[in-house]
Structures are given as structure tokens and as C-alpha cells.
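Chemist: Build me a model from this:
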Amino acid sequence: MGEGHGSLERFRMILQRDRIRAAARAQLFRGTTENRIVVFLNKQVAYAGHVSFCAPEGESPLGPIRLTIESSNPVGVIDWITGGYEPRVKR
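Modeler: Sure thing, here's the model as predicted:
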């Protein structure tokens, strides 16, 4: 449990390092309600230092990690975590 952007900094850095910001953005928006974001992470993958989103039940043998973020501005939090929307450029 933590407060403020600092508590999400490691999560943000992993998303950037693993280059899954667009996928994470979609998952975070999917889990957004009025003032809360709720997503589930695979526990085994998290232990290895990566992020993999999963369903609340059945996908993670050890059970998922429930990540709940409360904010008066969930869209702003998602933008900060994922670096905002950047259209993918084909190279």
C-alpha cells in the first residue's frame, strides 16, 4: 500500500522497460470506474520483475495480485503511468 505517484514508479518503469505501455493502457482503462482502477497481475510474472495482466480467477496458479488505484482523476493517472497516448509508428 502506498500513496502518491511514488508508489507506482516501479510499476511505471517496468511497463516502459518491457515496452507494454499501449497494452497496459488498454487494461487500465478496462478496469476503470468513476474514481478507481482495478486490475489483476500474474503473481509468478511479478515475482520475476515483469508485468502480465490476468483475469481475477483461473489464469494465475498462485492467484493474482489485485492492484487498486484510487484517484479523483484516473485518466490522468493512466496517462502518467503509460506516458500518455502515442500512436504506434511503423518502421
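Chemist: quick one, helices of the chain?
Modeler: Counting by DSSP state H, the chain has helices at residues 9-17, 21-30, 43-47, 74-82.
Chemist: I'd like these written out as a markdown table, with mean pLDDT, mean neighbour count and distance to E59 added.
Modeler: Quick note: C-beta positions are derived from backbone N, CA and C, even for glycine. What follows is those, written out as a markdown table (pLDDT from 0 to 100; neighbours: other C-beta atoms under 10 Å; distance: least, C-beta to C-beta, whole Å):
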| stretch | mean pLDDT | mean neighbour count | distance to E59 |
| --- | --- | --- | --- |
| helix 9-17 | 95 | 14 | 19 |
| helix 21-30 | 97 | 17 | 13 |
| helix 43-47 | 94 | 14 | 10 |
| helix 74-82 | 95 | 17 | 22 |
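Chemist: Redo these as JSON lines? Include distance to A55.
Modeler: Putting the helices of the chain into JSON lines (distance: least, C-beta to C-beta, whole Å) gives the following:
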{"stretch": "helix 9-17", "distance to A55": "19"}
{"stretch": "helix 21-30", "distance to A55": "11"}
{"stretch": "helix 43-47", "distance to A55": "13"}
{"stretch": "helix 74-82", "distance to A55": "20"}
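Chemist: do you know which of those lies nearest G58?
Modeler: Proximity to G58 (C-beta to C-beta) singles out helix 43-47 among these, at 13.0 Å.
Chemist: For that closest one, list the C-alpha coordinates in PDB.
Modeler: Extracted in PDB, the C-alpha atoms of helix 43-47 (Å, rounded to 0.1, in the frame of the first residue of the first chain):
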ATOM      1  CA  LYS A  43       1.900 -13.200  -9.400                       C
ATOM      2  CA  GLN A  44       4.600 -15.500 -10.800                       C
ATOM      3  CA  VAL A  45       5.500 -13.000 -13.600                       C
ATOM      4  CA  ALA A  46       5.500 -10.200 -11.000                       C
ATOM      5  CA  TYR A  47       8.000 -12.100  -8.800                       C
END
